[in-house]
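Novice: After the sequence you'll find the predicted model.
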Amino acid sequence: MNESNGIDSKQKLRAPKDYFKKTVLAAEIVYQLHDEPTFGHIKFAKLFCLCEHVNNIKLSTNYKKFAAGPLDNKWLYSVDSEFEKQKWFKKVQREGSYGVKYLPLENVEKYKDYYSHYFSNQATRISSIIELFRKRDTAFCEIVATLFFVWEEAIEKNQ
(Lines give C-alpha, C1' and ligand atoms only; values in the text may rest on other atoms or scores of the structure.)
Protein backbone atom coordinates (compact mmCIF):
# COMPACT_ATOMS: atom_id res chain seq x y z
CA MET A 1 0.00 0.00 0.00
CA ASN A 2 1.29 3.39 -0.94
CA GLU A 3 0.86 5.54 2.15
CA SER A 4 0.86 8.83 0.29
CA ASN A 5 -2.35 8.23 -1.66
CA GLY A 6 -3.87 4.97 -0.38
CA ILE A 7 -3.53 3.19 -3.75
CA ASP A 8 -1.65 -0.09 -4.05
CA SER A 9 0.23 -1.18 -7.19
CA LYS A 10 -2.46 -3.72 -8.27
CA GLN A 11 -5.04 -0.96 -8.14
CA LYS A 12 -2.86 1.27 -10.36
CA LEU A 13 -2.62 -1.54 -12.95
CA ARG A 14 -6.42 -1.98 -12.97
CA ALA A 15 -7.19 1.74 -13.11
CA PRO A 16 -7.57 2.31 -16.91
CA LYS A 17 -9.83 -0.72 -17.41
CA ASP A 18 -11.69 0.04 -14.19
CA TYR A 19 -12.33 3.61 -15.29
CA PHE A 20 -14.56 2.39 -18.11
CA LYS A 21 -16.19 -0.26 -15.90
CA LYS A 22 -16.97 2.44 -13.32
CA THR A 23 -18.48 4.58 -16.07
CA VAL A 24 -20.66 1.69 -17.21
CA LEU A 25 -21.90 1.00 -13.67
CA ALA A 26 -22.53 4.71 -13.25
CA ALA A 27 -24.48 4.76 -16.52
CA GLU A 28 -26.80 2.04 -15.24
CA ILE A 29 -27.51 4.00 -12.06
CA VAL A 30 -28.13 7.21 -13.99
CA TYR A 31 -30.23 5.42 -16.62
CA GLN A 32 -32.53 3.97 -13.99
CA LEU A 33 -32.87 7.18 -11.97
CA HIS A 34 -32.42 10.17 -14.30
CA ASP A 35 -36.17 10.99 -14.29
CA GLU A 36 -36.47 10.98 -10.50
CA PRO A 37 -36.82 14.44 -8.93
CA THR A 38 -34.66 13.30 -5.98
CA PHE A 39 -31.75 12.21 -8.20
CA GLY A 40 -28.72 14.45 -8.58
CA HIS A 41 -24.94 14.40 -8.39
CA ILE A 42 -24.54 13.64 -4.68
CA LYS A 43 -27.22 10.93 -4.53
CA PHE A 44 -25.61 9.44 -7.64
CA ALA A 45 -22.20 9.36 -5.92
CA LYS A 46 -23.60 7.71 -2.77
CA LEU A 47 -25.53 5.06 -4.72
CA PHE A 48 -22.46 4.30 -6.79
CA CYS A 49 -20.46 3.71 -3.59
CA LEU A 50 -23.16 1.47 -2.16
CA CYS A 51 -23.59 -0.54 -5.37
CA GLU A 52 -19.84 -1.08 -5.59
CA HIS A 53 -19.30 -2.06 -1.97
CA VAL A 54 -22.46 -4.02 -1.19
CA ASN A 55 -21.80 -6.15 -4.28
CA ASN A 56 -18.09 -6.44 -3.48
CA ILE A 57 -17.14 -5.08 -6.90
CA LYS A 58 -13.42 -4.38 -6.89
CA LEU A 59 -12.86 -1.17 -8.81
CA SER A 60 -10.01 1.28 -8.49
CA THR A 61 -11.95 3.89 -6.57
CA ASN A 62 -10.21 6.21 -4.17
CA TYR A 63 -12.78 7.22 -1.57
CA LYS A 64 -12.00 9.89 0.96
CA LYS A 65 -13.89 10.45 4.20
CA PHE A 66 -16.16 13.47 4.33
CA ALA A 67 -18.79 14.54 6.85
CA ALA A 68 -21.50 13.54 4.37
CA GLY A 69 -19.91 10.16 3.66
CA PRO A 70 -17.37 8.63 1.30
CA LEU A 71 -16.60 10.28 -2.01
CA ASP A 72 -14.18 9.75 -4.87
CA ASN A 73 -14.32 13.39 -5.95
CA LYS A 74 -11.91 13.07 -8.87
CA TRP A 75 -13.85 10.25 -10.48
CA LEU A 76 -17.25 11.82 -9.81
CA TYR A 77 -16.37 14.90 -11.82
CA SER A 78 -14.61 13.00 -14.60
CA VAL A 79 -17.52 10.60 -15.18
CA ASP A 80 -19.70 13.46 -16.43
CA SER A 81 -17.24 14.24 -19.23
CA GLU A 82 -16.96 10.53 -20.06
CA PHE A 83 -20.77 10.33 -20.30
CA GLU A 84 -20.72 13.17 -22.80
CA LYS A 85 -17.79 11.69 -24.72
CA GLN A 86 -19.71 8.40 -25.09
CA LYS A 87 -22.91 10.38 -25.84
CA TRP A 88 -24.76 8.57 -23.06
CA PHE A 89 -25.77 11.46 -20.75
CA LYS A 90 -25.33 15.15 -20.24
CA LYS A 91 -25.30 16.76 -16.79
CA VAL A 92 -27.32 19.98 -16.68
CA GLN A 93 -28.36 22.44 -14.01
CA ARG A 94 -31.90 21.90 -12.70
CA GLU A 95 -34.27 24.68 -13.74
CA GLY A 96 -35.52 26.77 -10.84
CA SER A 97 -33.77 24.74 -8.15
CA TYR A 98 -30.44 23.72 -6.72
CA GLY A 99 -28.58 20.76 -8.15
CA VAL A 100 -28.17 18.94 -11.41
CA LYS A 101 -29.96 16.34 -13.45
CA TYR A 102 -28.94 14.03 -16.28
CA LEU A 103 -30.37 14.05 -19.78
CA PRO A 104 -30.04 10.93 -21.96
CA LEU A 105 -28.13 11.46 -25.21
CA GLU A 106 -28.30 9.66 -28.55
CA ASN A 107 -26.05 6.69 -27.60
CA VAL A 108 -27.56 6.05 -24.17
CA GLU A 109 -28.57 2.47 -24.96
CA LYS A 110 -25.01 1.52 -26.01
CA TYR A 111 -23.71 1.19 -22.44
CA LYS A 112 -26.10 -1.75 -21.84
CA ASP A 113 -23.99 -4.33 -23.72
CA TYR A 114 -20.98 -3.41 -21.59
CA TYR A 115 -23.11 -3.49 -18.46
CA SER A 116 -24.34 -7.03 -19.26
CA HIS A 117 -20.77 -8.13 -19.86
CA TYR A 118 -19.22 -6.59 -16.75
CA PHE A 119 -22.02 -6.84 -14.19
CA SER A 120 -24.30 -9.73 -15.16
CA ASN A 121 -23.61 -11.52 -11.85
CA GLN A 122 -24.42 -8.43 -9.78
CA ALA A 123 -27.21 -6.87 -11.90
CA THR A 124 -30.09 -8.06 -9.72
CA ARG A 125 -28.52 -6.76 -6.51
CA ILE A 126 -27.51 -3.49 -8.16
CA SER A 127 -31.10 -2.97 -9.31
CA SER A 128 -32.34 -3.79 -5.81
CA ILE A 129 -30.11 -1.11 -4.29
CA ILE A 130 -31.23 1.42 -6.88
CA GLU A 131 -34.89 0.62 -6.19
CA LEU A 132 -34.37 0.78 -2.43
CA PHE A 133 -33.17 4.38 -2.73
CA ARG A 134 -35.22 5.49 -5.76
CA LYS A 135 -37.60 7.79 -3.86
CA ARG A 136 -35.24 8.71 -1.01
CA ASP A 137 -33.66 12.12 -0.78
CA THR A 138 -29.96 12.92 -0.91
CA ALA A 139 -29.61 13.35 2.87
CA PHE A 140 -30.95 9.85 3.50
CA CYS A 141 -28.53 8.38 0.94
CA GLU A 142 -25.62 10.26 2.53
CA ILE A 143 -26.53 8.89 5.97
CA VAL A 144 -26.80 5.30 4.75
CA ALA A 145 -23.55 5.48 2.78
CA THR A 146 -21.74 6.99 5.78
CA LEU A 147 -23.06 4.34 8.16
CA PHE A 148 -22.24 1.56 5.73
CA PHE A 149 -18.64 2.71 5.32
CA VAL A 150 -18.17 3.19 9.08
CA TRP A 151 -19.56 -0.30 9.65
CA GLU A 152 -17.31 -1.76 6.91
CA GLU A 153 -14.27 0.01 8.40
CA ALA A 154 -15.07 -1.34 11.87
CA ILE A 155 -15.26 -4.88 10.49
CA GLU A 156 -11.89 -4.45 8.75
CA LYS A 157 -10.36 -3.32 12.06
CA ASN A 158 -12.07 -6.14 14.01
CA GLN A 159 -13.91 -3.60 16.17
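Specialist: Received, thanks. Owing to the predicted nature of the structure, the values given are computational and were not obtained by experimental measurement.

Novice: which phi and psi does the residue nearest the centre of the chain have?
Specialist: In the chain, the centroid-proximal residue (CA atoms, centre = their mean) is Phe48; its distance is 2.3 Å. Main-chain torsions, Phe48, degrees, to the nearest 10: phi -60, psi -50.

Novice: And for Pro70?
Specialist: Here Pro70 shows phi and psi, under degrees, to the nearest 10, equal to phi -70, psi 150.

Novice: Hmm, Lys64 and it touching each other?
Specialist: Yes. With contacts counted by CB atoms under 8 Å, Pro70 reaches Lys64, the gap being 7.1 Å. Glycine gets a C-beta too; all of them are placed from N, C-alpha and C.

Novice: In terms of neighbours, single out the busier of those two.
Specialist: Using other CB atoms under 10 Å as the criterion, Pro70 and Lys64 rank with Pro70 on top: 22 against 10.

Novice: who's in contact with that one?
Specialist: Contacts for Pro70 (CB atoms under 8 Å, 6 or more residues apart in numbering) come out as Cys49, Tyr63, Lys64, Ala145, Thr146, Phe149.

Novice: Nearest spatial neighbour of Ile126, chain-adjacent residues omitted?
Specialist: Cys51 (5.0 Å; CB to CB, 6 or more residues apart in numbering).

Novice: can you tell me the helix or strand for that neighbour?
Specialist: For Cys51, the host element (DSSP states H and E) is helix 41-54.

Novice: likewise Arg125?
Specialist: Using DSSP H and E, the element containing Arg125 is helix 123-133.

Novice: List the buried residues in that helix.
Specialist: Ile126, Ile129, Ile130, Phe133 (16 or more other CB atoms under 10 Å).

Novice: was I right about the first one contacting Ala27?
Specialist: No. With contact defined as CB under 8 Å, Ile126 does not reach Ala27; the gap is 11.7 Å.

Novice: check contacts around the spatially closest residue to Gln122 that is not a sequence neighbour.
Specialist: Leaving aside its sequence neighbours, Gln122 sits nearest to Asn55 (CB to CB, 6+ apart; 4.3 Å). For Asn55, the contacting residues are Gln122, Arg125, Ile126, Ile129, by CB under 8 Å, 6+ apart.
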